[in-house]
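Enquirer: Provided below for reference: sequence and predicted model.
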Amino acid sequence: MAEDFDKLSSLQLDALREIGNIGAGNAATALAQMINSKIDMSVPQAKILLFSQVPELVGGSEQHVVGIYLRIEGSAPSSILFVIPIKQACLLVDMLMSKPLGTTSMESFGDMEMSAMMELGNIISATYLNALAAFTGLKLLPSVPALGIDMAGAVMDAVLAQFGEVADHVLVLETDFKKESVDIVGHFILLPEPGSLKIILQSLGVSI
Amino acid sequence: MMSKIIQVGMADLKLAKAPDKLMTAGLGSCIGICVRDKDQRLGALAHIMLPLSTQARNAENKAKFADTAIELLIQEMKKNGADISRLEAKFAGGAQMFKFSGESDIMKIGQRNAEAVEEYLQKYKIRILAKDVGGNHGRTITYDPDTGDLLIRTIGHGERII
């Protein structure tokens, strides 16, 4: 079954990016309530990549990254991987925990920091999925997040091992976090199971 | 003669003759299986992702699965002049990369990969000289068909040769 992301038109991509932006806006609001301080979030770019190209997004398969993985159950089963280089994750943790930027380092990245990142993964995934669900009427339920900190290739192959039997293409929403003129870029990656993409696009009224 | 380092991608398999070396970066739950014929100074590396081709919907890519990749390793080594009875193996990878995700399959895939690799190497009577599997960290490996050394690099878990 050749149902793949590489056949998406720019219109379909735009639709998915817009949903990402709405999700990001909602995520920013949710975060602001949680941490009492505003972090701006946006999705400047949506793109379709081969999953094997994903490590290049973060600087190669040996790059030290934080990955947050969730499964989506419901009408369009999928997986989500949020991936961000460790140095950027440290800054993000500082933002989340209202510490001066540069406080958290790779060495001090412990349980508290992991928990903050998982909470962020939770919020981003939930708000993106809510936006997607609102537009499509689909029921999409995220699982508890799992977290991995290691080489990009290693974090990703664990996800791919579960997913790789099917479509090789993934949707990447570049996600921008901004606070006090500091810019951090993470990547939110949606990996639909066979048939799921078709269901999502059909529900959006932009079927393949 | 200059030696090259040949990169092996995910679900891929390559051969190298000394002084060239074989390398695969960022093994998580995947496993790098290395075999060599010492006398021919010929080695091969397969980067497998899943244990069994029989459980997959699409098993076209033989290098992706432990069972078919080991068959392919043997075939390719033979085709390039190796004596199969001399083959020796080392392998590394099979980690559990994610924490806190409960009891899902994604947690166990590394372990299942390691078990399948061992089972199929034994099935084809390939001697296993060393392995470095499990744990919760990624590995980048470089295999030297000349010495049979397998160099393993990690983030935060040191460097070793097996």
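Expert: Yep, it's here. Just so you know, these numbers come straight off a predicted model, no measurement behind them. Residues are numbered from 1 along each chain as shown, chains lettered A, B, ... in the order given.
Enquirer: where do the helices sit along the chain?
Expert: No chain specified, so I'll use chain A. The residue ranges that make up the helices of chain A, judged by DSSP state H, are A:10-35, A:54-57, A:86-96, A:111-136, A:152-163, A:196-204.
Enquirer: hmm, no, I was thinking of chain B.
Expert: With DSSP H as the criterion, chain B has helices at B:66-79, B:105-123.
Enquirer: before we move on, back to that, between the helices of chain A, which gets nearest to chain B?
Expert: Ranking the helices of chain A by proximity to chain B (CB to the nearest CB) places helix A:152-163 first, at 1.9 Å. Every C-beta, even on glycine, is put in place using the N, C-alpha and C of the backbone.
Enquirer: which bits of chain A sit near chain B?
Expert: Chain A has residues A:52, A:55, A:60-62, A:64, A:67, A:69, A:71, A:114, A:118, A:143-148, A:150-162, A:164-166 near chain B, with proximity defined as CB under 8 Å from any CB of the partner chain.
Enquirer: one step back: and of the helices of chain B, who's closest to chain A?
Expert: Go through the helices of chain B one by one with CB to the nearest CB and the one that ends up closest to chain A is helix B:105-123, at 4.7 Å.
Enquirer: helices and strands around that closest one, which ones?
Expert: helix A:152-163, strand B:31-37, helix B:66-79, strand B:88-93, strand B:127-133 (3 or more CB pairs under 8 Å, 6 or more residues apart in numbering or on different chains; DSSP states H and E).
Enquirer: show the average pLDDT along that helix.
Expert: If you average the pLDDT over helix B:105-123, you get 86.
Enquirer: ok, now how distant is the most centrally placed residue in chain A from chain B?
Expert: In chain A, the C-alpha nearest the mean C-alpha coordinate belongs to residue A:188, at 2.0 Å (CA atoms, centre = their mean). Here the criterion is CB to the nearest CB, to the nearest Å. By it, residue A:188 lies 17 Å from chain B.
Enquirer: about what we covered before: please identify the most buried of the helices of chain A.
Expert: For the helices of chain A, the stretch with the most neighbours on average is helix A:152-163, a mean of 28; neighbours defined as mean count of other CB atoms under 10 Å in any protein chain shown.
Enquirer: any low-confidence regions in the chain?
Expert: You didn't say which chain, so I picked chain A. Within chain A, the segments meeting pLDDT under 70 span A:1-8, A:162-168, A:206-208.
Enquirer: I was after chain B.
Expert: Screening chain B residue by residue with the criterion pLDDT under 70, one finds the ranges B:1, B:99-107.
Enquirer: for chain A, what's the nearest residue on it?
Expert: Closest approach of chain B to chain A (CB to the nearest CB) occurs at residue B:26, with a separation of 1.9 Å.
Enquirer: quick check: that residue vs residue B:77, distance?
Expert: Between residue B:26 and residue B:77 the computed distance is 25 Å (CB to CB, to the nearest Å).
Enquirer: out of these two, which sits in the more crowded spot?
Expert: Neighbour totals were compared for residue B:26 and residue B:77, and residue B:26 leads with 27 against 23 (other CB atoms under 10 Å in any protein chain shown).
Enquirer: span of stretch A:102-121 from start to end?
Expert: 21 Å (CA to CA, to the nearest Å).
Enquirer: now it, how far from the chain's geometric center?
Expert: Distance of stretch A:102-121 from its chain centroid, counting by CA atoms, centre = their mean, to the nearest Å, is 17 Å.
Enquirer: leaving out sequence neighbours, find the closest residue to residue 120.
Expert: Going with chain A. residue A:96 (6.2 Å; CB to CB, 6 or more residues apart in numbering or on different chains).
Enquirer: I was after chain B.
Expert: The spatial neighbour of residue B:120 that comes closest, neighbours along the chain excluded (CB to CB, 6+ apart), is residue B:70 at 4.4 Å.
Enquirer: thought that neighbour was touching residue B:118?
Expert: No. Using CB atoms under 8 Å as the test, residue B:70 is too far from residue B:118 to be in contact (10.3 Å).
Enquirer: with neighbour numbers in mind, choose between those two.
Expert: Here residue B:70 and residue B:118 are compared on neighbour count by other CB under 10 Å; more neighbours surround residue B:70, at 24 against 18.
Enquirer: next to chain A, which bits of chain B? Give me the list.
Expert: Contact residues of chain B with respect to chain A, defined by CB under 8 Å from any CB, are listed as B:9-11, B:25-30, B:49-50, B:56-58, B:64, B:95-102, B:104-106, B:109-110, B:113, B:136-140, B:155.
Enquirer: report the buried members of those residues.
Expert: Under a neighbour-count criterion of 16 or more other CB atoms under 10 Å in any protein chain shown, the subset of the residues of chain B next to chain A counted as buried comprises B:10-11, B:25-30, B:49-50, B:56, B:64, B:95-98, B:101, B:106, B:109-110, B:113, B:136-140, B:155.
Enquirer: next step: these restricted to strands.
Expert: If you go by DSSP state E, these have B:25, B:26, B:27, B:139, B:140 in strands.
Enquirer: tell me which two of those residues sit farthest apart.
Expert: The largest separation in those, counting by CB to CB, is between B:25 and B:139 at 9.1 Å.
Enquirer: quick one, what contacts residue A:161?
Expert: B:28, B:29, B:30, B:49, B:50, B:106, B:109, B:113 (CB atoms under 8 Å, 6 or more residues apart in numbering or on different chains).
Enquirer: hmm, try it at 6 Å
Expert: Contacts for residue A:161 were tallied using CB atoms under 6 Å, 6 or more residues apart in numbering or on different chains; they are B:29, B:49, B:50, B:109.
Enquirer: so what's the residue nearest to residue A:192 when sequence neighbours are not counted bridging to?
Expert: On the basis of CB to CB, 6+ apart, the spatially nearest residue to residue A:192 that is not a chain neighbour turns out to be residue A:78, at 4.4 Å. Residue A:78 has these beta-bridge partners by DSSP bridges: residue A:72, residue A:192.
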